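A.B. asks: With the sequence up front, the predicted model follows.
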Amino acid sequence: MCAIASNIWQRYLLWFAHDLVDFRMAEIKSLISVLDINMRWVEEPADHPFWIVEVPSEECVKKLASRSISLRGVIELWAHSNNISTLHQQLKALNPNVYQPYLQPHLSFKVEVETFSNHLSLPELVDKIEVQSFSYLPIVGPVNLKNPDVKLWFMEYYGLEPNNIPELPYQYYFGRWITDGQRHLMKKFSLKTRKFIGNTSMDAQISVLMANQGKVKPGDLVLDPFVGTGSLLVPAAHFGAYVLGTDIDYLILHAKTRPSRIQQKVRASDESIQANLRQYGLENQYIDVVVADSSLPLWVKEFELDAIITDPPYGIREPTERVGTHKVPQITEQQAPTHIPSKIDYGHDHLYQDLLNFAAKHLKLGGRLVTFIPILRELYNEENMPKHPCLELVANSEQVLSAYVCRRLLTYEKVSRPSDCMAGERTFDPSLENFRDKYFNHCEDSRQVRRQKHYSNIGLRDSNSKTDRIAPESDT
Ligand SMILES: C[S@@+](CC[C@H](N)C(=O)[O-])C[C@H]1O[C@@H](n2cnc3c(N)ncnc32)[C@H](O)[C@@H]1O
């Protein structure tokens with residue numbers, strides 16, 4: 001638990017990046033739990049990127065920021081109001097104990113001004129500092145714009161609609177910058193500079209979010225049963241876990257598929273998941289990856305994992321398949337060593353139920369399964385998400401991919417052992433079955449509608465139309 005400095009809880013501002021908004025709360029809740037942080041909200045967290053919280057000491061928010069990729073940074077809040085003169089009054093009345101340790105002659109400083117949703121040029125921002133004039137604050141140290149000891153921070157918040165900016169900000173915040181979040185990991189782990197990537201490699205930001213949802217901590221054992229190029233293993237290893245994976249596709253696992261980068265003609269001979277981990281100095285965390293079908297798990301029953309973090313195939317850019325045949329297999333003993341088994345379609349309803357059953361069996365109690373699931377948005381119903389009596393769905397965040405399709409990041413926690421709970425029932429959820437067919441039919445339908453609209457706009461008949469109907473404008 002983070003230290004309790006006094007019985008007065010201090011107030012901090014969490015400043016979030018304004019993307020993947022639906023993932024914020026889930027990430028913060030997971031981190032509070034894994035890092036054992038005491039934190040309370042001053043107001044109910046909202047969709048906007050500024051949350052005021054209270055914690056017993058600065059150490060707590062530093063811990064949080066040392067893991068969160070949703071956070072841009074944390075500010076010790078000195079004043080906050082929807083009215084600028086109240087903000088100045090609050091600052092003038094501020095207890096000197098709050099600012100004195102930081103406003104010292106030997107400490108350099110910088111005042112940073114931000115205007116959320118209202119882009120201003122540098123001279124306009126400088127003007128703002130002069131107009132607002134925080135000169136009543138006893139700032140005595142030298143200015144250092146590049147690397148100050150103390151960064152004071154002033155934010156004007158103009159709402160979430162850049163095309164509808166109010167004349168005056170909705171909120172003003174002033175405080176001392178404490179620390180940055182982990183946004184820099186997006187560059188560090190960017191796919192652009194990664195040695196081995198494929199068509200479905202997961203981007204760095206979401207991979208880190210998933211590791212945080214998995215409550216990964218040093219010494220954990222983390223598996224991705226649909227490992228592909230191993231993107232989800234990277235942040236898990238970065239947070240100290242030992243990582244391993246399986247994939248049904250020999251070619252992807254051995255980096256023998258066609259390169260995904262347009263300018264790359266052939267793959268380098270040393271591309272591999274292990275090489276990716278080496279690239280980031282994380283090779284010590286790598287256990288192994290194996291060609292295996294996740295529907296036929298190869299693990300002994302005592303095998304226990306702290307987290308399963310995965311992104312199963314959606315059937316759009318790669319097939320959903322498992323080992324099997326609809327015929328009675330007939331191979332001789334001699335053929336067995338070189339026999340490549342045939343594969344059959346692996347429906348999403350089966351795939352997710354197998355995954356949940358596997359998690360219920362092989363996760364430690366309290367361990368987490370973090371998985372994406374593709375969804376046709378109009379068919380989504382929270383009640384229909386895959387279920388298992390030993391697993392509790394603790395988070396469910398939507399990433400919108402188009403008007404019709406999204407994927408949801410589901411986080412389950414193992415709450416009881418399979419011996420204490422019934423085996424998972426197979427869900428026949430309409431949004432899970434035949435996702436691929438529905439996706440392509442739906443896209444085809446929407447293409448049809450778009451085409452008809454286009455032809456109707458230009459007043460022509462759509463000769464490709466399935467129904468060969470005359471566009472409405474020509475009807476009249
Ligand atoms: C969405 S991709 C995962 C991408 C991965 N997260 C990455 O960053 O490269 C899904 C992967 O599941 C694999 N797969 C499909 N069916 C499988 C099965 N039955 N068992 C194991 N892996 C399977 C595919 O070969 C593919 O590599």
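C.D. replies: Done, it's in. It should be emphasised that the depicted structure is a prediction, and the values quoted were computed from it without experimental measurement.

A.B. asks: Please count neighbours and contacts with C-alpha atoms only from this point.
C.D. replies: Will do.

A.B. asks: quick one, phi/psi of Thr86?
C.D. replies: phi -70, psi -40 (degrees, to the nearest 10).

A.B. asks: Next to the ligand, which bits of the protein? Give me the list.
C.D. replies: Listed as neighbours of the ligand in the chain under the rule CA under 6 Å from any ligand atom: 198, 200-202, 225-232, 247-249, 292-295, 311-313, 320-322.

A.B. asks: Domain parsing of the chain, as residue ranges.
C.D. replies: Under the assignment the TED database, the domains of the chain span 10-181, 186-324+341-437.

A.B. asks: The first one: end-to-end distance?
C.D. replies: It refers to domain 10-181. Start-to-end span of domain 10-181 (CA to CA, to the nearest Å) is 19 Å.

A.B. asks: Now find how far off-centre it is within its chain.
C.D. replies: On the basis of CA atoms, centre = their mean, to the nearest Å, domain 10-181 sits 23 Å off its chain's mean C-alpha point.

A.B. asks: Out of the residues of the chain next to the ligand, which sit inside strands?
C.D. replies: Those of the residues of the chain next to the ligand mapping onto strands are 247, 321-322, per DSSP state E.

A.B. asks: contacting residues around Trp41?
C.D. replies: Counting by CA atoms under 8 Å, 6 or more residues apart in numbering, Trp41 makes contact with 51-54.

A.B. asks: Which of the three states applies to whatever residue of the stretch 351-476 of the chain ends up closest to the ligand?
C.D. replies: Relative to the ligand, the nearest point of the stretch 351-476 of the chain is Leu351 (7.7 Å; CA to the nearest ligand atom). Here Leu351 is recorded as helix under DSSP: H, G, I helix; E, B strand; the rest coil.

A.B. asks: ok, for it, nearest residue in space, not its chain neighbours?
C.D. replies: Leaving aside its sequence neighbours, Leu351 sits nearest to Ser295 (CA to CA, 6 or more residues apart in numbering; 7.3 Å).

A.B. asks: Got the confidence number for that neighbour?
C.D. replies: Looking at Ser295, its pLDDT is 91.

A.B. asks: now swap in Gly459 and tell me
C.D. replies: 58.

A.B. asks: likewise Glu130?
C.D. replies: pLDDT at Glu130 comes out at 73.

A.B. asks: ok, the closest residue in space to Gln171 that isn't next to it in sequence to Leu13 distance?
C.D. replies: Spatial nearest neighbour of Gln171, excluding adjacent residues (CA to CA, 6+ apart): Asn82 at 4.2 Å. Between Asn82 and Leu13 the distance is 15 Å, computed by CA to CA.

A.B. asks: between those two, who's got more neighbours?
C.D. replies: Neighbour comparison, Asn82 and Leu13: the larger count goes to Leu13, with 26 against 15 (by other CA atoms under 10 Å).

A.B. asks: Ramachandran coordinates for that one?
C.D. replies: Torsion angles, degrees, to the nearest 10, at Leu13: phi -110, psi 130.

A.B. asks: okay, now the closest residue to it other than its chain neighbours: neighbour count?
C.D. replies: Distance criterion CA to CA, 6+ apart; nearest residue to Leu13, sequence neighbours excluded, is Ile52 at 4.6 Å. Residues lying near Ile52 (other CA under 10 Å) number 20.

A.B. asks: can you tell me how far Ile52 sits from Arg24?
C.D. replies: 14 Å.
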